[in-house]
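In: A structural model of the following input is requested.
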Amino acid sequence: MPASNPTLIRLRALRATLPRALALRRVVAGALLLAAAATALWHPAVEPASTPVLVAAKPLSAATALAPSDVRVVRAPPDLLPAGALTDPAEVSGRLLAGPAAEGEPITRVRLVGVENTALAVGPGAAAVPLRPADPTVSSLLRPGSRVDVVAAAEPGEPPGVVAENATVLTVRALAGGGPNAPPLLLLALPQRAAHDVAAASLRGEVTVTLR
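Out: Numbering: from 1, shown residues only. Okay, the predicted model is just below:
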């Protein structure tokens, strides 16, 4: 074949330039990789916004006196947090849980009973009622979480009967200035209707409780 054949000349030229083209492509690819790595370093991935929240570390029953080991801190999106959510285990230390809590359930302010509080939320359909037993020695046998029945006379002069059953003792509180023989004040959790009956009975006369 003549050396001046145009097709042959183009093939030879293509073969001569092919290694240079491949090398150039490798250089460009390497530059792109370096640019991507630099971009990742200068612009790290943004994590979704979250905030700490206190949740029950295990299933907890009503009237549990909380300790730091009963709760743990997790992170959650701010728009999913319930109102009054707590963030620090120190905020609940020694406080009473007004109602049962499942593991992982957020602990909020309205779920806690402080000894300074007599008005509180104890869960849907329930209420807290203060009660001062006629026999002060009964209160010494009670602790937060104790279960009691409330006994009182339906009317003055009538024999006593059970006014409410299976009440949960939220707290036993000695009243300041009440004297050494003054019966401590009990705070009981009951269904709302039963709590109303207990409050009415305490206005009519003496009431007491029996342990379950």
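
In: residue boundaries of the helices in the chain?
Out: Along the chain, the segments classed as helices by DSSP state H run 6-42, 136-139, 192-204.

In: mean pLDDT for the ones you listed: which is lowest?
Out: Lowest mean pLDDT within the helices of the chain: helix 6-42, a mean of 61.

In: Thought residue 136 was touching residue 142, still the case?
Out: No. Counting by CB atoms under 8 Å, residue 136 is not a contact partner of residue 142; they are 11.3 Å apart. Every residue, glycine included, has its C-beta placed from N, CA and C.

In: Pick out whichever of those two has more residues nearby.
Out: Under the neighbour definition other CB atoms under 10 Å, residue 142 and residue 136 were set side by side, and residue 142 has more, 19 against 15.

In: The more buried one: what's it in contact with?
Out: Contact partners of residue 142, counting by CB atoms under 8 Å, 6 or more residues apart in numbering, are 148, 169, 172, 186, 209, 211.

In: Need the phi and psi values for it.
Out: Here the main-chain torsion angles of residue 142 (degrees, to the nearest 10) amount to phi -110, psi 150.

In: can you tell me how far it sits from residue 172?
Out: Summarising the geometry, the distance separating residue 142 from residue 172, computed by CB to CB, to the nearest Å, is 5 Å.

In: does residue 96 really touch residue 61, like I thought?
Out: No. Here residue 96 lies out of contact with residue 61, judged by CB under 8 Å, at a distance of 10.9 Å.

In: Low-confidence regions, the chain specifically.
Out: In the predicted model of the chain, residues 1-48, 62-63, 98-99, 113-124, 174-183 satisfy pLDDT under 70.

In: how close does residue 72 sit to residue 58?
Out: 9 Å.

In: out of the two, which sits in the busier spot?
Out: Counted by other CB under 10 Å, residue 72 and residue 58 do not tie: residue 72 has more neighbours, with 16 against 12.

In: Excluding residues flanking it in the chain, which one is nearest the more buried one?
Out: residue 57 (4.5 Å; CB to CB, 6 or more residues apart in numbering).

In: Surely residue 153 and residue 134 touch.
Out: No. Under the criterion of CB under 8 Å, residue 153 is not in contact with residue 134, lying 10.9 Å apart.

In: quick one: common contacting residues for the two?
Out: What both residue 153 and residue 134 touch, as defined by CB under 8 Å, 6+ apart, is the set residue 206.

In: residues in contact with the residue lying closest to residue 86 once chain neighbours are set aside?
Out: When the adjacent residues along the chain are set aside, residue 86 lies closest to residue 54, with 4.3 Å between them (CB to CB, 6+ apart). With CB under 8 Å, 6+ apart as the criterion, the residues that contact residue 54 are 71-73, 85-89, 91-92, 106-107.
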